[in-house]
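Colleague: Next one to model:
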Amino acid sequence: MPIDDELLKILVCPETHQPVKAAPTDTLDMVNARIKTGAIKNHQGDAVTKAVEEALVREDGKCIYLIEDGIPNMLIEERIDL
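Modeller: Below you'll find the predicted structure:
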């Protein structure tokens with residue numbers, strides 16, 4: 001389920017306050033390929049094992065925040081650093 005445009009306008013990275021936008025397909029494909037190899041951990045160091053269907057990418061492109069069941073998870077410790 002795509003994230004609501006009005007919500008996207010107000011969401012920012014909780015750490016840097018940079019805007020976020022929907023992650024492009026190529027970013028999601030890259031992350032999912034790395035998840036399959038076991039090479040992805042979230043910011044706090046826990047292995048990410050579930051494929052990413054939707055995410056928000058920070059303006060500088062250095063991290064993504066997952067969207068699960070249409071709800072953005074904006075917790076710094078659960079983001080994925082790229």
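Colleague: Helix or strand next in line after the longest helix anywhere in the chain, which one?
Modeller: Identified as the longest helix of the chain according to DSSP state H is helix 25-36. If you walk from helix 25-36 toward the C-terminus, the next helix or strand you reach (DSSP states H and E) is strand 55-58.
Colleague: so after that following strand, what's the next helix or strand?
Modeller: Proceeding N to C from strand 55-58, the next assigned helix or strand is strand 63-68, under DSSP H and E.
Colleague: quick one: contacts for Gln18?
Modeller: Residues near Gln18 by C-beta atoms under 8 Å, 6 or more residues apart in numbering: 12, 58-60. Where C-beta positions appear, they are placed from N, C-alpha and C, glycine not excepted.
Colleague: still on that earlier bit, any idea of the mean pLDDT for the longest helix of the chain?
Modeller: If you average the pLDDT over helix 25-36, you get 97.
Colleague: What of stretch 5-18?
Modeller: Mean pLDDT, computed over stretch 5-18, is 93.
Colleague: Show me which residues of that stretch are buried.
Modeller: Within stretch 5-18, the residues scored as buried using 16 or more other C-beta atoms under 10 Å are Cys13.
Colleague: Distance check, Leu11 against Met74.
Modeller: Leu11 is 7 Å from Met74, where distance means C-beta to C-beta, to the nearest Å.
Colleague: cool, Thr16 as well?
Modeller: Remark: distance between Thr16 and Met74 (C-beta to C-beta) = 12 Å.
Colleague: Nearest to Ile35 among the contacts of Gln18?
Modeller: Each of the contacts of Gln18 was scored against Ile35 by C-beta to C-beta, and Arg58 proved nearest at 18.9 Å.
Colleague: thought the closest one was touching Met74?
Modeller: No: between Arg58 and Met74 there is no contact under C-beta atoms under 8 Å: 10.6 Å.
Colleague: Overlap of the contact sets of these two?
Modeller: Residues within reach of Arg58 and of Met74 at once, by C-beta under 8 Å, 6+ apart, are 13, 65.
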